[in-house]
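[1] Curious how this folds, go ahead:
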Amino acid sequence: MYCPRPLFFFHSLVVDCVDIVFDILYLNDTALTRYPLHERRAALHRIIRPLARRFEIHTYSQANTVPDIENELRKVVAEGCTTKDAHWLISTGSRD
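    From the prediction side, this is the model:
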């Protein structure tokens, strides 16, 4: 069977490659970096049509307290995670 997508082999296991989007910084040549995360995610949902196991919008969890954050981090330790302050604006080319 022909598969146009790259496949990765791990110890005799074939794994499909999935593209996962979690944020958007530019839309139609317009920088969205001055918008908060919830507005950028709303734009992402308006323009992306997910295709299961091929191209997906990453789900996220919101945590506001230290115990909640620790609990969420324990859930994703096998996958990795990205943490963001939902109210901060993005600065491209910076780790701040």
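[2] Against residue 62, how distant is residue 24?
    18 Å (CB to CB, to the nearest Å). (C-beta placed from N, C-alpha, C; glycine too.)
[3] So which of those two has more stuff around it?
    More crowded of residue 24 and residue 62, by other CB atoms under 10 Å: residue 24, with 21 against 10.
[4] Neighbours of the closest residue to residue 32 other than its chain neighbours, how many?
    Of all residues not flanking residue 32 in the chain, residue 40 sits nearest, at 5.2 Å (CB to CB, 6 or more residues apart in numbering). Residues within reach of residue 40, counting by other CB under 10 Å, total 20.
[5] can you check residue 72 too?
    Residue 72 has 15 neighbours, counted by other CB under 10 Å.
[6] Any chance of the backbone angles for it?
    With angles defined as degrees, to the nearest 10, residue 72 sits at phi -70, psi -40.
[7] wouldn't it be in contact with residue 63 here?
    Yes: Residue 72 lies in contact with residue 63 (CB atoms under 8 Å); the separation is 4.8 Å.
[8] What residues of stretch 34-47 count as buried?
    For stretch 34-47, a neighbour-count test (16 or more other CB atoms under 10 Å) marks 35, 37, 40-41, 44 as buried.
[9] Among the residues you listed, which has the minimum pLDDT value?
    Across the set of these, residue 37 stands lowest in pLDDT, at 85.
[10] Run through this protein and note the low-pLDDT ranges.
    Applying pLDDT under 70 to the chain picks out residues 1-16, 77-84, 86-96.
[11] which residues in it form helices?
    37-47, 66-75 (DSSP state H).
[12] Pull up the distance across stretch 30-40, start to finish.
    Its first and final residues considered, stretch 30-40 spans 12 Å by CA to CA, to the nearest Å.
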